[in-house]
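K.L.:
Only the shape, not the letters, is given here:
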Ligand SMILES: Nc1ncnc2c1ncn2[C@@H]1O[C@H](COP(=O)(O)OP(=O)(O)OP(=O)(O)O)[C@@H](O)[C@H]1O
């Protein structure tokens, strides 16, 4: 993606596609609390954008604006080059925006197929097309190399944390999402399961999806990110390719937002 500080050629400008999602000058207030102030962010397809920030920085509020849960008080959300008004999660889903929440991702009492098709069941001749749904669920898991699940008819309650995350992520692929947002996808996982989920996140980006991941874990951030966006006190203080950052800089940005690095790391990439 062309950086705003690059001059670029006229030809670049004509051939280079814009980001899948662009946030422009987003404000969100809750009474006197300025949760987001003047936030810009580009989210390109085929890349993992990690959203980092200290507690209360505004990460959840920002993804809720993208997921249609909160409406920004000011600013624009541009999807595939056009401004959109996301009035509900349904609006976001209709565009291909899928959010995988840490706790709410799946229903324990249902099996994998039922979870993957929940609310969007396939019906044939007036009855549920169980066979077709089962095949689609199995194919999707297989295409993502999710191989540890014994049967797609297993209740989700019997899955490990990593398997649950894998199923939740596979669900977004099944529904042809273009942008998958994940809130702390590895927070409750052990080392091996974390590895599986991080690999899966990379695979999503490699398939051309845009991915936004909220994470506090610096190991995960640097393992999975193509780009890191740092929010501090509701302001976007840096959005840079991962190669231009290290842990120390990110932690400084997260905690102070006023370090000397700020000037050189700030701005949209
Ligand atoms: N519904 C709400 N009503 C009032 N204030 C809110 C609401 N949601 C968030 N806030 C406030 O907005 C600010 C940003 O909160 P947010 O949950 O986005 O932080 P976060 O970066 O996700 O933090 P954490 O890492 O702790 O989850 C905080 O000051 C929070 O108290």
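P.N.:
Right, received. Where do you want to start? Quick caveat: nothing in here was measured; it's all calculated off a predicted structure.
K.L.:
domain ranges for the chain?
P.N.:
1-96+178-269, 106-176 (automatic domain parsing).
K.L.:
From start to finish, how long is the last one in a straight line?
P.N.:
Across its full length, domain 106-176 reaches 18 Å end to end, with C-alpha to C-alpha, to the nearest Å as the criterion.
K.L.:
what number of residues lie near the closest residue in space to residue 147 that isn't next to it in sequence?
P.N.:
Leaving aside its sequence neighbours, residue 147 sits nearest to residue 141 (C-beta to C-beta, 6 or more residues apart in numbering; 8.0 Å). C-betas here are computed from N, CA, C, even on glycine. Residue 141 has 24 neighbours, counted by other C-beta atoms under 10 Å.
K.L.:
With residue 55 instead?
P.N.:
Neighbour tally, residue 55, other C-beta under 10 Å: 7.
K.L.:
That one and the ligand, how far apart?
P.N.:
Distance from residue 55 to the ligand, counting by C-beta to the nearest ligand atom, to the nearest Å: 3 Å.
K.L.:
For the stretch 1-150 of the chain, what lies in contact range of the ligand?
P.N.:
With the criterion set to C-beta under 6 Å from any ligand atom, the stretch 1-150 of the chain comes near the ligand through 30, 33, 35, 53, 55-61.
K.L.:
just the buried members of those residues?
P.N.:
Taking 16 or more other C-beta atoms under 10 Å as the criterion, what is buried in these is 35, 53, 57-61.
K.L.:
In JSON lines, list those residues along with pLDDT and secondary structure.
P.N.:
Below are these laid out as JSON lines (pLDDT from 0 to 100; DSSP: H, G, I helix; E, B strand; the rest coil):
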{"residue": "35", "pLDDT": "96", "secondary structure": "strand"}
{"residue": "53", "pLDDT": "93", "secondary structure": "strand"}
{"residue": "57", "pLDDT": "93", "secondary structure": "coil"}
{"residue": "58", "pLDDT": "95", "secondary structure": "coil"}
{"residue": "59", "pLDDT": "95", "secondary structure": "helix"}
{"residue": "60", "pLDDT": "94", "secondary structure": "helix"}
{"residue": "61", "pLDDT": "96", "secondary structure": "helix"}
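K.L.:
Of the residues you listed, which pair is most distant in space?
P.N.:
35 and 53 (11.5 Å; C-beta to C-beta).
K.L.:
residues contacting the residue nearest to residue 147?
P.N.:
Taking C-beta atoms under 8 Å, 6 or more residues apart in numbering, we find residue 141 in contact with 112, 147, 149, 152, 166-167, 170.
K.L.:
now it, what's its secondary structure?
P.N.:
helix (DSSP: H, G, I helix; E, B strand; the rest coil).
K.L.:
In the contacts of residue 141, which residue is surrounded by the most others?
P.N.:
Busiest of the contacts of residue 141 [other C-beta under 10 Å] is residue 112, holding 29 neighbours.
K.L.:
quick one, what contacts it?
P.N.:
137, 141, 149, 151-154, 156, 159, 167.
K.L.:
give the contact list for the nearest residue to residue 35 once chain neighbours are set aside.
P.N.:
In space, and not counting its chain neighbours, residue 35 is closest to residue 61: 4.3 Å by C-beta to C-beta, 6+ apart. Residues in contact with residue 61, defined by C-beta under 8 Å, 6+ apart, are 28, 35-36, 70, 234.
K.L.:
returning to what we had before: measure the residue nearest to residue 147 to residue 181 for me?
P.N.:
20 Å (C-beta to C-beta, to the nearest Å).
K.L.:
re earlier: using a markdown table, please lay out the residues of the stretch 1-150 of the chain next to the ligand together with distance to residue 17.
P.N.:
Below are these laid out as a markdown table (distance: C-beta to C-beta, whole Å):
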| residue | distance to residue 17 |
| --- | --- |
| 30 | 35 |
| 33 | 36 |
| 35 | 31 |
| 53 | 28 |
| 55 | 36 |
| 56 | 35 |
| 57 | 30 |
| 58 | 28 |
| 59 | 27 |
| 60 | 29 |
| 61 | 28 |
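K.L.:
Could you tell me which residues make contact with residue 28?
P.N.:
Residue 28 neighbours (C-beta under 8 Å, 6+ apart): 35-36, 58, 61-62, 65, 70, 72-73.
K.L.:
again, only using 7 Å
P.N.:
By C-beta atoms under 7 Å, 6 or more residues apart in numbering, the contact set of residue 28 is 35-36, 61, 65, 70, 72-73.
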